[in-house]
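A.B. asks: sharing a model that was predicted from the sequence below.
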Amino acid sequence: MSASPGTVFLLDDEPGMLKALTRLLKCEGFNVHGFTSAKVFLETCRAEAGSCLVLDVAMPEISGLEFQQRLTQSGFLLPIVFLTGHGDIPMSVQAIKAGAVDFLTKPVRDVDLLRAVRAALRQSAEQSDQVSKLAKFRERYSRLTPRECEVMQRVVAGQLNKQIAASLGTGEHTIKVHRARVMEKLGVESVADLVRAAERLGLGKSTGR
Amino acid sequence: MSWVTILWSMTASACLTLAVIHFLVWCQRRSTWADLLFTLTSAGAAAYAVIELWMMRAQTPAEFATALRWLHVPTWVIVVSLIGFVRLHLRAGRLWLAWVTIALRSLALLLNFLVGQNLNYREVTALHHVTFLGEPISLGLGVSNPLMLIGQLSLLVWLIFTADATITVWRRGDRRLALLTGGSIVLFSLAGVLQAVLVLWRLVDWPLTESFFYLGIVLAMGYEKSRDTLRAEQLADDVREGEEQISMAAAAANLGFWSRDLKTDELWASENWRVMFGFTKAERLDFNMFLQRLYADDRESIRQAVARAIEEADNYEVEYRVVLPDGQSRWIASRGRVQIANGGKPVRMHGVSADITARKQSEAELVQKRNELAHLSRVTTVSELSGSLAHELNQPLAIILTNAQAAQRLLAQQPPDLAEARDILADIVSEDQRAGEVIRRLRSLLKHGETSLRPLAVDEIMGEMLQFTRNDLIRQGVTAHRNLAGNLPPVLGDRIQLQQVLINLILNACDAMAANPPAARHLTLETSLHEKTIRIAVSDTGCGLPADAESIFQPFYTTKPQGLGLGLSICRSLVTAHQGRLWAQKRDATTGGTTLYLELPVIAEAGL
């Protein structure tokens, strides 16, 4: 959890609702930016670390679910809390599947809303955390030699040193040295960490199957 | 007693009797001029007979000459009155011949008194006694007057006139009248003229017996007149029969007749009418007694309607309720006519009343049925809308809750933010009112009320209905466009029913566009003023109409799996009850879809 309380974007076409939610969230110290139009929101808003979106599903211009899709497609990493007047189960399932933090119905209890907003902000913080970690890994991965990459791929795939040596046509000891260099360069301490790092880099998929 | 005296006296008295009778008839009815003319002819014939007798009994030539001179007076009367009779009764005869006859005859009469001893003799020098019917009578001897020819010429023209008139009547097809009346006048006149010529030119030793010929004419005329009387009798019978038939028909149709004397205020009414209004057969009636039978609420308007009819001498038509003495109530329809006297003053009113209770009852039942059906369909519509309505209600409730919770937190802070809390309370109040308004609208739509006609602002209702269905539009991805005229005159209608019709049209339009991609779902609401009507157009870009556009207004026509198919048919019956029209029209190819038009008369025309 970050030190600042975070920024909450509100998107609801009903000005009365927008005003009330702004008040409630401001009481809790959040930075609140309210919008009644999805278009205006898309034009003016930039995602920042530690921010989330509280979104009404039913809006005249565009439905909340479509809006969610569009945000995801454009690479906006903004956790979304849905707040709707008449949600149904298929709608909530679709929203959650597409990555929504929560799906709340109006009228909403303040504690539920605040819990969801906090969770969303946490997710946002984590996401940005992960993004920065990933960037670090990428940078470190780029420092590996081609041979070290080959060794890493095989280690991650679960091959023994002996098997790797055989398939690469070298000795088992050489492989051990490469392996230690890889772990050191990537800053991981166990094979399990290495596997997780590979997954994050998207290596697991290409060789794991 | 001599035969001559008996015959001539009888002739005279017969003619005189007829004259007196017809004179009395004429006195009764001055407008029957034929009766007066008949009287004159008969009286003339009677005088003629008396003077003929006087001539036969003349003792001196001078007396004979005087009698003959006076004979021309009845002759003139007979000729002139017969001409009149022919013109009036036979409705024939050339006018110029009539005037020539009258002129010649009048000239003859004038000369008769101015020249010589009379028109026929310059001087009667002696009396010639002959035996006639077994007794001696006097005939004149002396110098004939050539001016006599003028008189005889007038008789000739008169004969031509009468014969011509008779032929006209015959040609007209009225053969009996031509033969009996025209024929006998011609025949007897011809005989009379011939005999006068023979006697007066002393070609035969005969007395004048023309009075018999005139008697013949008078009898033929009398016969004709008596046929008139018989015909009148027949007509009276026919009228009586007709009256009976009318009263039978009136009884069968439950009609009551009445007639009111405006001077005495007496009211005559048929038996049926009395039964209808609960009066006894013999009771004396007046207008006020009639008014007392009416519902108190109807009394004044009927009194005014009748007063207006009398004042303007116009017909009137009213419907009202009556309460009979036994408490039973009835609906009556009445039509009345004001009869005007010659002076232009209204004297009587006549009218007919009918019991329309049954009709009114079935009308009321029909209205009730329609209201029930409309209510039912409204409930269905509202249940279709329930998602929308729940949202409409939910929204303010959600805002209220969120605001209240924010306020709780604000007040818990140190120091509490009272200014913001005050703002919040104001917002809560207004949102609560909004929720109350939603409930009120919903309740009014579900209300099971009678139709109440009020002036309505169409644009305002259109806005309301868009608000009402807003959520459905959003959910179905329909974009609404409004193009309202603004400043429209009010229409007279039932607010709830008009709302119902509009909701139906809007929801139908949305359903019609369900198959379109969301970007192609456009609903357009327009209002405009067309002369004396306001036209509302609800247009969609949907699937369009079936080939027979009217079929969508048929009961049980539906395209929806769950639809009952009554919506549009009920809408149309509601609109028709507003004196309006509802119809569908295909839109042009550029937009596609359908427009439903709803036309309502503006108040001035709808009337009250």
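C.D. replies: Sure, I can see it.

A.B. asks: tell me which helix or strand of the chain sits lowest on mean pLDDT?
C.D. replies: I went with chain A, as the question did not name one. helix A:203-208 (a mean of 49; mean pLDDT, DSSP states H and E).

A.B. asks: was after chain B, sorry
C.D. replies: helix B:603-606 (a mean of 58).

A.B. asks: which neighbouring residues are in contact with residue 170, exactly?
C.D. replies: Since no chain was named, I'll use chain A. By Cβ atoms under 8 Å, 6 or more residues apart in numbering or on different chains, the contact set of residue A:170 is empty. (C-beta placed from N, C-alpha, C; glycine too.)

A.B. asks: let's do chain B instead
C.D. replies: For residue B:170, counting by Cβ under 8 Å, 6+ apart, the contacting residues are B:178-179, B:182.

A.B. asks: same deal with residue B:425?
C.D. replies: If you count contacts by Cβ under 8 Å, 6+ apart, then residue B:425 has residue B:407 around it.

A.B. asks: likewise for residue B:81?
C.D. replies: B:37-38, B:40-41, B:44.

A.B. asks: for whichever residue of the stretch 101-250 of chain B sits closest to chain A, which non-adjacent residue is closest in space?
C.D. replies: Per Cβ to the nearest Cβ, residue B:250 is where the stretch 101-250 of chain B lies closest to chain A, at 67.7 Å. Once flanking residues are discounted, residue B:250 sits nearest to residue B:272: 6.0 Å by Cβ to Cβ, 6 or more residues apart in numbering or on different chains.

A.B. asks: any idea how far the nearest residue to residue A:171 once chain neighbours are set aside is from residue A:153?
C.D. replies: Excluding its sequence neighbours, the residue lying closest to residue A:171 (Cβ to Cβ, 6+ apart) is residue A:165, at 5.7 Å. Distance, residue A:165 to residue A:153, using Cβ to Cβ, to the nearest Å: 15 Å.

A.B. asks: how about residue B:447?
C.D. replies: 76 Å.

A.B. asks: look at these two and report which has more neighbours.
C.D. replies: Just comparing residue B:447 and residue A:153: by other Cβ atoms under 10 Å in any protein chain shown the higher neighbour count belongs to residue A:153, 17 against 11.

A.B. asks: what about the strands in the stretch 501-608 of chain B?
C.D. replies: B:522-530, B:533-539, B:581-586, B:594-601 (DSSP state E, counting those that start in this stretch).

A.B. asks: also chain A?
C.D. replies: A:7-11, A:31-35, A:51-56, A:80-84, A:102-105 (DSSP state E).

A.B. asks: tell me if I'm right that residue B:522 and residue B:478 touch.
C.D. replies: Yes: judged on Cβ atoms under 8 Å, residue B:522 makes contact with residue B:478 at a distance of 7.3 Å.

A.B. asks: spit out the residues that contact those two alike.
C.D. replies: By the contact definition Cβ under 8 Å, 6+ apart, residue B:522 and residue B:478 are jointly contacted by residue B:513.

A.B. asks: how close does the residue of chain A positioned farthest from its centre get to residue A:185?
C.D. replies: Taking Cα atoms, centre = their mean, the residue of chain A most remote from its mean C-alpha position is residue A:171, at 41.5 Å. For residue A:171, the distance to residue A:185 (Cβ to Cβ) stands at 21 Å.

A.B. asks: what about residue A:63, how many neighbours?
C.D. replies: Counted with other Cβ under 10 Å, residue A:63 comes out at 19.

A.B. asks: next one: residue B:291
C.D. replies: With other Cβ under 10 Å as criterion, residue B:291 counts 14.

A.B. asks: so which strand or helix has it?
C.D. replies: Assigned by DSSP states H and E, residue B:291 falls within helix B:287-293.

A.B. asks: measure the residue nearest to residue A:171 to chain B for me?
C.D. replies: Distance from residue A:165 to chain B, counting by Cβ to the nearest Cβ, to the nearest Å: 61 Å.

A.B. asks: residues of chain A that sit close to chain B?
C.D. replies: Counting by Cβ under 8 Å from any Cβ of the partner chain, the residues of chain A close to chain B are A:14, A:16-17, A:19-21, A:23-24, A:27-28, A:58-60, A:63, A:85-86, A:106-110.

A.B. asks: try 6 Å
C.D. replies: Residues of chain A lying close to chain B (Cβ under 6 Å from any Cβ of the partner chain) are A:16-17, A:20-21, A:23-24, A:27, A:58, A:60, A:85-86, A:106-107, A:110.

A.B. asks: got the contact list for whichever residue of the stretch 251-400 of chain B sits closest to chain A?
C.D. replies: Of all residues in the stretch 251-400 of chain B, residue B:398 sits closest to chain A, at 3.5 Å by Cβ to the nearest Cβ. By Cβ atoms under 6 Å, 6 or more residues apart in numbering or on different chains, the contact list for residue B:398 reads A:106-107.

A.B. asks: could you report the neighbour count for residue 89?
C.D. replies: No chain specified, so I'll use chain A. Neighbours of residue A:89 (other Cβ under 10 Å): 8.

A.B. asks: oops, chain B please
C.D. replies: Neighbours around residue B:89, by other Cβ under 10 Å: 22.
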